[in-house]
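Student: sequence and predicted structure are below.
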Amino acid sequence: METQKILKPNKIVIFADYREKETIEHLKKMDIILTETNLEVGDFVLSDSRVVIERKTHSDFVSSIIDGRLFEQAKIIKDNFSNPVIIIEGSSNRYINENALRAAIATLIANFNISLLNTKNPLDTAKIIYWIAKKEQEENKHSVSIKVGKKPKETNKIQEKVVSSLPNINSVISKRLLEHFGTVEKIFSADEKELRKVKGVGKKLTSKIRKILSEKYKK
């Protein structure tokens, strides 16, 4: 893999996953160098192998605890970054037992050394991302880089990327779908009932998937 690296920049540098559109729009208004890309780990990279931000809405955070995605994602980001942060944005009516919530938070902090922050909305999220990046790059003097360039040649990696391009499908769910159905073609032709047999794929998600795959293209 090639590495895209910016050394000693005159401005704060942030790599953002292109799917984080609302937060990106607010970051664009700040005096920074913002690069939108397809991040394999996390949503915002703020320093080289150190600080990464994973942003979740409150509803998605609760869902990821219930379906087991959260700790799989935690392991991935901790394996790649020493100081990961999870931002929990906004609030929701999604219910979870309080003890289950506390246990999940305790596990993230104690077992994965992940910091958790709450923000009110995408603007609030953008502001905290900016200030963490500023601290890390200007005061702590850490550069920022991500691995880019060469596209994966292995068929399985390409298949995973194709499936994860669907709305709200991360790498974990992508792999589960491929393991369950065997091929990308079978995933794309499966109905909602079949899709929901996969762990972490609920009614709302299957509805979005089928809409994307079946709705007529409009210019």
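Tutor: Received the coordinates, thanks.

Student: how does the protein divide into domains?
Tutor: Domain assignment for the chain by automatic domain parsing gives 2-148, 155-213.

Student: in JSON lines, list those along with mean neighbour count and mean pLDDT.
Tutor: For the C-beta atoms, the positions are set from N, CA and C on the backbone; glycine is no exception. Output for those, formatted as JSON lines (neighbours: other C-beta atoms under 10 Å; pLDDT from 0 to 100):
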{"stretch": "domain 2-148", "mean neighbour count": "17", "mean pLDDT": "90"}
{"stretch": "domain 155-213", "mean neighbour count": "15", "mean pLDDT": "87"}
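
Student: look up the closest residue to Asp48, ignoring the ones flanking it.
Tutor: Of all residues not flanking Asp48 in the chain, Ser145 sits nearest, at 4.6 Å (C-beta to C-beta, 6 or more residues apart in numbering).

Student: just Lys11 next, same as before
Tutor: Closest to Lys11 by C-beta to C-beta, 6+ apart is Ile33, at 5.0 Å.

Student: with Glu160 instead?
Tutor: Of all residues not flanking Glu160 in the chain, Ser174 sits nearest, at 4.9 Å (C-beta to C-beta, 6+ apart).

Student: so the one you found sits against Ser164, correct?
Tutor: Yes: with contact defined as C-beta atoms under 8 Å, Ser174 reaches Ser164; the gap is 4.0 Å.

Student: okay, and the residue nearest to Asp48 sits in which element?
Tutor: Assigned by DSSP states H and E, Ser145 belongs to strand 144-148.

Student: gap between the next helix or strand after that strand and the chain center?
Tutor: Where DSSP H and E defines the elements, the next helix or strand beyond strand 144-148 is helix 155-164. Its chain's C-alpha centre and that of helix 155-164 lie 16 Å apart, by C-alpha atoms, centre = their mean, to the nearest Å.

Student: now for helix 155-164, which elements pack on it?
Tutor: Helix 155-164 sits against helix 171-181, helix 184-189, with contacts defined as 3 or more C-beta pairs under 8 Å, 6 or more residues apart in numbering; DSSP states H and E.

Student: what is the longest one packed up against?
Tutor: This means helix 171-181. Using 3+ C-beta pairs under 8 Å, 6+ apart: helix 171-181 touches helix 69-80, helix 155-164, helix 184-189.

Student: how does it look with 7 Å?
Tutor: helix 69-80, helix 155-164 (3 or more C-beta pairs under 7 Å, 6 or more residues apart in numbering; DSSP states H and E).

Student: out of these, flag the one nearest Leu195.
Tutor: Closest to Leu195 of those is helix 155-164 (C-beta to C-beta; 11.4 Å).

Student: tell me the helix or strand right after the lengthiest helix in the chain.
Tutor: The single longest helix within the chain, with elements called by DSSP state H, is helix 98-112. Following helix 98-112 in sequence order, the next helix or strand is strand 115-119 (DSSP H and E).

Student: contacts for that following strand?
Tutor: Val85, Ile86, Ile87, Ile88, Glu89, Ile105, Leu108, Thr125, Ile128 (C-beta atoms under 7 Å, 6 or more residues apart in numbering).
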